[in-house]
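**Student:** A structural model of the following input is requested.
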Amino acid sequence: MAAARAPRPVFHEPVAAHLFGVLWLAAVASGPWGVAASAAAGAEETPRCEDLRVGQYICKDPKINDATQEPVNCTNYTAHVPCLPAPNIMCKDSSGNETHFTGKEVGFYKPVPCRNVNGYSYKVAVALSLFLGWLGADRFYLGYPALGLLKFCTVGFCGIGSLIDFILISMQIVGPSDGSSYIIDYYGTRLIRLSITNETFRKTQLYP
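**Tutor:** Residues are numbered from 1 along each chain as shown. Modelled structure (predicted):
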């Protein structure tokens, strides 16, 4: 009687391929390529200079035009001031080059808001409204000749119109007729009107 042969072990191809893949990954991870990949993944990407946090840079004050009391490079309600990253800060400049700053180099230019003025002085408008408002001089000065003539003929609406105009001009509610802003000292007291728009209604809060 013939002796029974022991069954030969059978290896399935999918199982063998999976085992080979696991062994190859382990070899790569422990080799020089794996170390380099881990170092690259762990290294943080150099940020742009515009994305630096407050305290990592300082911006210079804008150069003010004496005539307009606005930044000299004001265009489309926006001016730009140079900002210097702090010493030992590394970031990418506007050209995309990584630079190690010493605190004396300009890293980027920060936009600051400015206003459109056309020669109408706030101080002159308030003075005219206070002393010559009953003659309509304030309205003539701001570019409202019809209202100025009406105030002149009615002696400032018997003084009531002059008082109302003085309050409105002092609060900067009434401005020049061309839609421009008053010339006010850049570092002086200004009225900023806040309006609800799609950008300000629900503005995302950014936390450091």
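**Student:** what sits closest to residue 98 if chain neighbours are left out?
**Tutor:** residue 46 (5.1 Å; Cβ to Cβ, 6 or more residues apart in numbering). The way it works is simple: take the backbone N, C-alpha and C, and place the C-beta from them, glycine included.
**Student:** what are the buried residues along stretch 174-188?
**Tutor:** Buried residues in stretch 174-188, counted by 16 or more other Cβ atoms under 10 Å: 174-176, 181-184, 186.
**Student:** try stretch 71-82
**Tutor:** Here stretch 71-82 shows 71, 74, 79-81 as buried, counting by 16+ other Cβ under 10 Å.
**Student:** repeat for stretch 60-73
**Tutor:** 62, 64-65, 68-71.
**Student:** and the two most separated of those residues?
**Tutor:** 62 and 68 (12.0 Å; Cβ to Cβ).
**Student:** export the buried residues of stretch 60-73 to JSON lines and append columns for secondary structure.
**Tutor:** What follows is those, written out as JSON lines (DSSP: H, G, I helix; E, B strand; the rest coil):
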{"residue": "62", "secondary structure": "coil"}
{"residue": "64", "secondary structure": "strand"}
{"residue": "65", "secondary structure": "coil"}
{"residue": "68", "secondary structure": "coil"}
{"residue": "69", "secondary structure": "coil"}
{"residue": "70", "secondary structure": "coil"}
{"residue": "71", "secondary structure": "strand"}
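**Student:** which residue packs closest to the most centrally placed residue in the chain, ignoring adjacent ones?
**Tutor:** With distances taken as Cα atoms, centre = their mean, residue 111 lies nearest the centre of the chain, 5.8 Å away. In space, and not counting its chain neighbours, residue 111 is closest to residue 78: 5.0 Å by Cβ to Cβ, 6+ apart.
**Student:** number of residues surrounding the residue nearest to residue 98?
**Tutor:** Close neighbours of residue 46, defined as other Cβ atoms under 10 Å, add up to 11.
**Student:** Three-state assignment for it, please.
**Tutor:** Applying three-state DSSP: residue 46 is coil.
**Student:** now do it, the pLDDT please.
**Tutor:** We have a pLDDT of 89 for residue 46.
**Student:** relative to residue 94, how far out is it?
**Tutor:** 14 Å (Cβ to Cβ, to the nearest Å).
**Student:** can you check residue 51 too?
**Tutor:** Between residue 51 and residue 94 the distance is 12 Å, computed by Cβ to Cβ.
**Student:** and for these two, which residues touch both?
**Tutor:** Common contact partners of residue 51 and residue 94 (Cβ atoms under 8 Å, 6 or more residues apart in numbering): none.
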